[in-house]
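S.K.: The sequence isn't on hand, but the structure is:
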């Protein structure tokens with residue numbers, strides 16, 4: 001195996017198409033196809049299933065991608081770092097954000113990145129904490145803001161503070177008139193929650209179990225935007241960080257109220273522990289810290305310092 005073959009394989013696997021990979025890598029399709037065939041010949045197995053919809057990884061292909069995607073990214077970063085020694089930071093940075101953070105940070109942070117670092121290609125990936133941690137460990141992601149117990153993650157971590165959870169309901173539900181709502185009352189209402197794999201769901205389930213309350217959950221949504229739209233339609237209450245629904249509350253589409261017994265989650269900044277950060281990643285890290293501080297100062301993010 002050589003690097004060109006692995007880079008071609010990684011690109012085709014990500015895009016699911018030889019034609020798209022050809023456009024991205026700026027290499028003719030026949031040359032890319034030949035590199036894939038040489039790699040398959042060397043490994044003595046097929047890496048893709050070819051069909052009318054594109055290229056789909058086989059089981060062997062998924063294994064190869066899991067083992068080599070981090071290696072390919074590290075080699076690309078070495079090239080970018082060497083080029084950055086003679087000028088401003090350049091290269092790709094993959095930033096992971098949990099959905100409730102992404103809705104606050106993504107657009108404004110992307111704008112600042114474009115303005116300050118035109119040579120950096122920023123890729124923002126929105127997903128839940130468990131997926132972000134896995135991608136950090138596999139070397140497919142450079143840094144992330146996520147929820148979790150920092151001691152349990154085996155990553156370089158920095159606590160950003162604790163994010164409060166509030167009751168969220170539709171317009172006219174009465175939450176806006178309340179100083180706080182009793183957590184026991186809230187947990188007995190019809191709720192719209194993420195599925196059991198989500199850390200927020202585990203926190204709510206734990207609070208209910210402590211009070212011996214059986215949750216009334218008829219609707220689940222693993223998409224943050226779907227979840228808030230279901231609440232807007234009056235299909236149940238949710239429990240979310242207030243920053244994540246700041247715009248909807250300001251527009252009068254949702255109402256919030258603090259819960260009587262505070263529920264919080266630790267918000268952390270994480271990066272891989274087993275490899276040095278690239279020059280571009282370090283630049284993005286500094287800019288990200290500045291943006292988090294600015295959101296706090298502007299009142300867009302009510303994070304309590306640990």
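M.R.: Sure, I can see it. The shown structure was predicted, so the numbers you read here are calculated from the model rather than taken from an experiment.

S.K.: Give me the distance between stretch 21-36 and the centre of its chain.
M.R.: The chain centre lies 30 Å from the centre of stretch 21-36; the measure is C-alpha atoms, centre = their mean, to the nearest Å.

S.K.: What of stretch 275-289?
M.R.: Distance of stretch 275-289 from the chain centroid (C-alpha atoms, centre = their mean) equals 17 Å.

S.K.: Need the residues that contact it.
M.R.: Stretch 275-289 has contacts (C-beta atoms under 8 Å, 6 or more residues apart in numbering) with 74, 77, 80-81, 84-85, 89-93, 95, 109, 112-113, 116-117, 119-120, 122, 139, 142-143, 145, 269, 271. For every residue, glycine as well, the C-beta is placed using N, CA and C.

S.K.: Quick one: mean pLDDT for the lengthiest strand in the chain?
M.R.: Looking across the chain with DSSP state E, the single longest strand is strand 254-271. For strand 254-271, mean pLDDT rounds to 89.

S.K.: circling back: which among the contacts of stretch 275-289 count as buried?
M.R.: Buried subset of the contacts of stretch 275-289 (neighbour count, 16 or more other C-beta atoms under 10 Å): 77, 80-81, 84, 89-93, 95, 109, 113, 117, 120, 122, 139, 142-143, 145, 269, 271.

S.K.: quick revisit: report all helices and strands that the longest strand of the chain contacts.
M.R.: Counting by 3 or more C-beta pairs under 8 Å, 6 or more residues apart in numbering; DSSP states H and E, the packing neighbours recorded for strand 254-271 are helix 129-137, strand 143-147, strand 156-170, helix 183-187, helix 199-210, helix 224-232, helix 246-250, helix 279-297.

S.K.: which of these sits most buried?
M.R.: Across the helices and strands packed on strand 254-271, averaging neighbours per residue (mean count of other C-beta atoms under 10 Å) puts strand 143-147 on top, at a mean of 24.

S.K.: could you check the angle helix 279-297 makes with that strand?
M.R.: Relative orientation of strand 143-147 versus helix 279-297 (axes from the mean of the first three to the mean of the last three C-alpha atoms, to 10 degrees): 40 degrees.

S.K.: Just the residues contacting strand 143-147, thanks.
M.R.: By C-beta under 8 Å, 6+ apart, strand 143-147 touches 93, 95-98, 101, 105, 129, 132-133, 135-136, 160, 163, 199-200, 265-271, 277, 281, 284-285, 288, 292.

S.K.: before we move on, what about stretch 55-64?
M.R.: The contact list for stretch 55-64, computed with C-beta under 8 Å, 6+ apart, reads 9, 12-13, 16-18, 43, 45-49, 65.

S.K.: cool, stretch 75-91 as well?
M.R.: Outside stretch 75-91, the residues that reach it (C-beta under 8 Å, 6+ apart) are 3, 7, 92, 117-121, 278-283.

S.K.: Please repeat the previous calculation with a cut-off of 10 Å.
M.R.: Applying C-beta atoms under 10 Å, 6 or more residues apart in numbering, the external contacts of stretch 75-91 come out as 3, 6-7, 10, 73, 92-93, 116-121, 139, 142, 275-284.
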